[in-house]
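quick one, structure for this:
(chains A, B, C and D, ligands or ions: 4)
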Number of protein chains: 2
Amino acid sequence: METVEKLTKTLRNHGMKITPQRLMIFKILENNTSHPSAEQVFKRVKKIYPTVSFTTIYKTLETLRDLGEVQELIIDEDRKHYDPNTDTHHHVICSNCKKILDVFEDFSQHVKLPDTLKKDYTVSGFQISFHGICKDCN
Amino acid sequence: METVEKLTKTLRNHGMKITPQRLMIFKILENNTSHPSAEQVFKRVKKIYPTVSFTTIYKTLETLRDLGEVQELIIDEDRKHYDPNTDTHHHVICSNCKKILDVFEDFSQHVKLPDTLKKDYTVSGFQISFHGICKDCN
DNA sequence: CATTATCTAACAATCATTATTATTTAAATT
DNA sequence: AATTTAAATAATAATGATTGTTAGATAATG
Ligand SMILES: [Mn+2]
Ligand SMILES: [Mn+2]
Ligand SMILES: [Zn+2]
Ligand SMILES: [Zn+2]
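Ligands and ions are numbered 1, 2, ... in the order given. The predicted model follows:
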């Protein structure tokens, strides 16, 4: 995700409005490495704007995803998680508490779609999900 | 997944019953490489047992998952998919039609959790999801 | 064949997410 | 600064996948 400042311009360039709710969501996401779910974002926004609607969170996350500003992570079977870091990177998730940490290693030299499948799929990228148990859950 | 024959014994060893509905689900899954969703399994069972309940499909898939006989794939944001192949392998999914194909390459020599994270997570494995567009969807 | 624990099917409930819409508001225009 | 208007918000309902409940059916055992 861009800085909140640049993101503001990006939205305006797309004819979108900057609202206090959106600004709060941007600030929560900026440099956020916790991979929050929509609900976790909602709870934090609610502390400042108690009347905020869940719909606003979902719509804003959808907007950011469509702009390519956040990545939607499909890794927790129960809910989607959002990642403002859109650089190629990977994750490790705890099967118990679903805590997600970043894995910043470049596997691109070794992880490639086999040639036999290249004729069937035009691949845009890949994601690696490590599964395990975090130290808090033992 | 084991053969239907062996699986039958496994279930009996666990005090579980072999019903016609379950046998049909087992047969549908045996050697199935299409990564069906619960609904796709349901539709196929329904052709033979028109009165089968969706609950039976879900319960049976849950049972097979808990026995370690099928893998639940979290890769399509809309629904879970089921894979009778429980050997470590990976997948490529079409972002458009959600068709999933197997990727049988052993990346385990190169894909490892970085040492810096080893103290935080006890990893049981990893999954690679290649994303792209299949040839049918261009 | 009788017993019994498990399974099925019908149904309801849950929960994350999406759709709808009246009201509000950002921000461009006068 | 007031007016205008397209877009966003919030409230609410709807959706759809999945899970929970339970009474009746059935597989398995002796
Ligand atoms: Mn990340
Ligand atoms: Mn597979
Ligand atoms: Zn944990
Ligand atoms: Zn496709």
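
list the strands paired with the helix or strand harbouring residue A:131, with their directions.
According to DSSP states H and E, residue A:131 maps onto strand A:121-134. With DSSP bridges as the test, strand A:121-134 is paired with strand A:90-94 (parallel), strand B:121-134 (antiparallel).

now the element after the shortest one, going C-ward?
It refers to strand A:90-94. Proceeding N to C from strand A:90-94, the next assigned helix or strand is strand A:100-103, under DSSP H and E.

that next one: which residues count as buried?
In terms of neighbour count (16 or more other CB atoms under 10 Å in any protein chain shown), strand A:100-103 has its buried residues at A:100-101, A:103. C-beta: built from backbone N, CA, C; applies to glycine.

tell me the phi and psi of the nearest residue to residue A:83 once chain neighbours are set aside?
Counting by CB to CB, 6 or more residues apart in numbering or on different chains, residue A:83 lies nearest to residue A:71, which is 4.4 Å off, once chain neighbours are set aside. As for residue A:71, its main-chain torsions (degrees, to the nearest 10) stand at phi -100, psi 140.

could you measure from residue A:71 over to ligand 3?
Computed as CB to the ion, to the nearest Å, the residue A:71 to ligand 3 distance reads 22 Å.

quickly list the domain ranges of chain A.
For chain A, automatic domain parsing gives the domain ranges A:4-83, A:90-132.

need these in TSV (columns: mean pLDDT).
Compiled in TSV, the domains of chain A are given as follows (pLDDT from 0 to 100):
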stretch	mean pLDDT
domain A:4-83	97
domain A:90-132	96
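
could the ones you listed be laid out in JSON lines, adding distance to residue B:113?
Written out in JSON lines, the entries for the domains of chain A read as follows (distance: least, CB to CB, whole Å):
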{"stretch": "domain A:4-83", "distance to residue B:113": "15"}
{"stretch": "domain A:90-132", "distance to residue B:113": "5"}
